[in-house]
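# A structural model of the following input is requested.
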Amino acid sequence: MAMPTKPMKIRAWIDDATPTMASVKVIIFHEMESGLRKDKASGQVVPAQYITELACEHNGKTVLTCLWGPAISKNPFLAFRVKNVKKGDLIKLSWVDNKGDKETGESKVE
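Reported below is the predicted structural model:
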């Protein structure tokens, strides 16, 4: 399976109500095949390919690690909050899948 060429979208911003907290929203473009689905045209099982690990760093320090499996949906969406953040800080996300494909993306806090 060819991996999508569309990069993940990341947005991070300071909440007005809590000025040291940032909200982060991410959409990752990945097929997330479980290995259980059959191709309609050929009848062959589509090989499993899914994200196994996702990590988020705030200014180089890991603040979130997710261990995923085949039950996560196609093009997963993730939302979380990070403490002790100020405008201009760097939020970096990276993932790796069970086939070794990987991607990294980053966003500055708005």
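
# how close does the most centrally placed residue in the chain sit to Ala79?
Centroid-nearest residue in the chain: Ile28, 4.7 Å away (criterion: CA atoms, centre = their mean). Separation of Ile28 from Ala79 (CB to CB, to the nearest Å) stands at 12 Å. No exception for glycine: its C-beta is placed from N, CA and C like everyone else's.

# likewise Ser73?
14 Å.

# identify the residues contacting stretch 59-66?
Residues from elsewhere that reach stretch 59-66 (CB atoms under 8 Å, 6 or more residues apart in numbering): 53-57, 78, 80, 82, 89-90, 92.

# export those residues to a markdown table and tack on neighbour count and pLDDT?
Listed next are the contacts of stretch 59-66 as a markdown table, based on neighbours: other CB atoms under 10 Å; pLDDT from 0 to 100:
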| residue | neighbour count | pLDDT |
| --- | --- | --- |
| Glu53 | 14 | 98 |
| Leu54 | 22 | 98 |
| Ala55 | 15 | 98 |
| Cys56 | 22 | 98 |
| Glu57 | 18 | 98 |
| Leu78 | 18 | 97 |
| Phe80 | 13 | 97 |
| Val82 | 21 | 96 |
| Asp89 | 16 | 97 |
| Leu90 | 13 | 98 |
| Lys92 | 16 | 98 |
